[in-house]
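**Q** Below are the sequence and a predicted model; questions follow.
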Amino acid sequence: MASSRLTIVIKLGTSSIVDENTHEPILSILTLIVETVAKLHRDGHNVVLVSSGAVGVGLRRMDVDQRPTNLPRIQALAAVGQCRLMSLWDGLFSHLRVPVAQILLTRNDIADRTQYGNAQNTFGQLFDMGVIPIVNENDTLAVSEIKFGDNDTLSAITAAMVKADYLFLMTDVDCLYTANPRHNPDARPIEVVTDISSLEADVSSAGSSLGTGGMSTKIVAAKLGTSAGVTTVITRSSKPGNVHEIVKYLQRIQNVSHTQSAAADEEGNTIPAPPLHTRFLPSEDPIQSRSFWLLHGLKPRGTIFIDQGAYIALQNKASLLPAGVSDVDGTFAQQEAVRIVVIQKVSPDSLNGDFLHHGQEPKEVGRALVNYSSHEIARIKGHRSTQIQSLLGYADSEYVAFRENISFW
């Protein structure tokens, strides 16, 4: 039976491909990664590589011993390293006649819904052309306000963008453990996670001196990926061939009925156990592309506080009226993203922005793109839509935010 076409995202950290001490590319690992991707490609799958390493390679090229703390210098090293890193990938893939493409992203690149759609279309066209997209954060331009934070997060957002089936987060351990296996002989591997919110694992790994991630960022990425319906896998980066074996194993067991043993297929043949890994099962009710973009593709610029009545109305698919807004925090413009926080209804004379003093626990429930700026919302909050014209001198909309521009966690 021919295997179905899958879309697979593989994330590689700097420590997986660049030696932490010498800053030299680890050619043995890079070669194995290329061979693995080529095998998946030959099997008919779409593959995306999310590759860190630009700064690490730049350090080697410029004979700099340690990663600097000065942002412009880091960005300059990233500019030097990115070209060499892509040259390295292109050279290795060319031996197997597999074309590659470079995609550099910051949050600004996907903050506009049209640009987000354009990025999706570019990935789709590259897949149709048989090209392997290689994605990295645009460290040459990125500052804290527009950074994804780490490539684990970037890989999860990329996986959601391309509607991936699998996201592989490559790391320096085989899988998650109940405790640190280096120090605790009783540590047990965690092979399948059905509910990530109840996960009990050792996530003390802090990442390398060259990288920005660690195990905790991979858990965050797994939450993002699974919420978008992507099966997320943690496995050892020094054994890239595991990815191909795990994919083949998952393809075989997905056709096994619940009444059958997972160790045997429909013909009764034994299915060999896959290499050790941790697999996070996707949400049974994944959020849609636009909702994911609102929640994770945009950086919130402020907060609007709404009452319980407005929250209930929003859950019933109503748009947000100014009457349901209790307060606003931060400075933002029209069509920028904000946090939505639910509080209990309070009297107007107690609206000082400090709701904790009133014994209420504010709860962030989602994000929204707003039709008015923070200053405008501050003037129309708590009023009827019919009063917007008299309060502002104009009325761009009767709603603070349209329901299609609101998403909940």
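**A** On my side now, so go ahead. Residues are numbered from 1 along each chain as shown.

**Q** mind saving the C-alpha coords of the helix or strand of the chain with the lowest mean pLDDT as CSV?
**A** Every helix and strand in the chain was compared by mean pLDDT, DSSP states H and E; the lowest is helix 107-111, with a mean of 78. Presented in CSV, the C-alpha positions along helix 107-111 are these (Å, rounded to 0.1, in the frame of the first residue of the first chain):
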residue,chain,number,x,y,z
ARG,A,107,7.0,38.1,13.7
ASN,A,108,6.6,41.3,11.6
ASP,A,109,6.7,39.1,8.5
ILE,A,110,3.5,37.3,9.6
ALA,A,111,1.8,40.0,11.6
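
**Q** For it, name the packing helices and strands.
**A** Here helix 107-111 touches helix 113-128, going by 3 or more CB pairs under 8 Å, 6 or more residues apart in numbering; DSSP states H and E. Heads up, the C-betas are built off the backbone N, CA and C, glycines and all.

**Q** and whichever helix or strand comes after the helix it packs on with helix 113-128, angle?
**A** Per DSSP states H and E, the first helix or strand lying C-terminal to helix 113-128 is strand 132-137. Interaxial angle of strand 132-137 relative to helix 113-128 (axes from the mean of the first three to the mean of the last three CA atoms, to 10 degrees): 150 degrees.

**Q** how far out from the middle of the chain is the least confident helix or strand of the chain?
**A** Helix 107-111 has its C-alpha centroid displaced from the chain centroid by 13 Å (CA atoms, centre = their mean, to the nearest Å).

**Q** the longest helix in the protein is where?
**A** Longest helix in the chain by number of residues (criterion: DSSP state H): helix 71-94.

**Q** So what touches stretch 72-83?
**A** 53-62, 64, 67-68, 104, 136, 139-142 (CB atoms under 8 Å, 6 or more residues apart in numbering).

**Q** Would you mark the buried spots in it?
**A** Ile74, Gln75, Ala76, Leu77, Ala78, Ala79, Val80, Gly81, Gln82 (16 or more other CB atoms under 10 Å).

**Q** cool, and stretch 338-347?
**A** Val338, Arg339, Ile340, Val341, Val342, Ile343, Val346.

**Q** part of a strand, is the second one?
**A** Going back to what we said before, that points to Arg339. Yes: applying DSSP: H, G, I helix; E, B strand; the rest coil, one finds Arg339 inside a strand.

**Q** Bridged to it, which residues?
**A** Note on Arg339: beta-bridge partners Thr303, Arg367, judged by DSSP bridges.

**Q** quick one: stretch 222-230 to chain centroid distance?
**A** Centre-to-centre, stretch 222-230 and its host chain are 8 Å apart (CA atoms, centre = their mean).

**Q** ugh, wrong one, I meant stretch 293-311
**A** With CA atoms, centre = their mean, you get 19 Å for stretch 293-311.

**Q** So for that stretch, mean pLDDT?
**A** Average pLDDT, stretch 293-311: 91.

**Q** End to end on it, go ahead and measure it.
**A** Stretch 293-311 has an end-to-end distance of 21 Å (CA to CA, to the nearest Å).

**Q** repeat for stretch 281-291
**A** End-to-end distance for stretch 281-291: 20 Å, by CA to CA.

**Q** in the stretch 101-250 of the chain, what spans have low per-residue confidence?
**A** 139, 141-149, 200-214 (pLDDT under 70).

**Q** now the strands for it?
**A** 132-137, 166-171, 176-177, 189-190, 192-193, 231-236 (DSSP state E, counting those that start in this stretch).

**Q** among these, which is the most enclosed?
**A** Across the strands of the stretch 101-250 of the chain, averaging neighbours per residue (mean count of other CB atoms under 10 Å) puts strand 166-171 on top, at a mean of 28.

**Q** Which residue, other than its chain neighbours, is closest to Pro189?
**A** Residue nearest to Pro189 in three dimensions, not counting chain neighbours: Cys175, with 5.0 Å by CB to CB, 6 or more residues apart in numbering.

**Q** ranges for the strands of the stretch 301-409 of the chain?
**A** Applying DSSP E, counting those that start in this stretch to the stretch 301-409 of the chain gives strands spanning 302-306, 325-330, 337-342, 363-369, 406-408.

**Q** Can you lay out those strands as CSV showing distance to Pro99?
**A** Shown next, in CSV, are these (distance: least, CB to CB, whole Å):
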stretch, distance to Pro99
strand 302-306, 44
strand 325-330, 45
strand 337-342, 36
strand 363-369, 37
strand 406-408, 36
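
**Q** Out of those, flag the one nearest Met161.
**A** Among those, strand 406-408 comes nearest to Met161, with 15.6 Å by CB to CB.

**Q** counting contacts, what elements does the closest one pack onto?
**A** Applying 3+ CB pairs under 8 Å, 6+ apart, one finds that strand 406-408 contacts helix 289-292, helix 308-315, strand 363-369.

**Q** Name the strands paired with that strand and say parallel or antiparallel.
**A** strand 363-369 (antiparallel).

**Q** follow-up on the earlier one: rebuild the strands of the stretch 101-250 of the chain as CSV, extending it with distance to Leu295.
**A** Below are the strands of the stretch 101-250 of the chain laid out as CSV (distance: least, CB to CB, whole Å):
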stretch, distance to Leu295
strand 132-137, 19
strand 166-171, 17
strand 176-177, 25
strand 189-190, 26
strand 192-193, 21
strand 231-236, 17
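
**Q** To Val47, which of the ones you listed lies closest?
**A** With CB to CB, the closest approach to Val47 among those belongs to strand 132-137: 5.6 Å.

**Q** Compute the inter-axis angle for the closest one and helix 71-94.
**A** 170 degrees.

**Q** For strand 132-137, enumerate its sheet partners and note whether each is parallel or antiparallel.
**A** Sheet pairing for strand 132-137, assigned by DSSP bridges, gives strand 46-51 (parallel), strand 100-105 (parallel).
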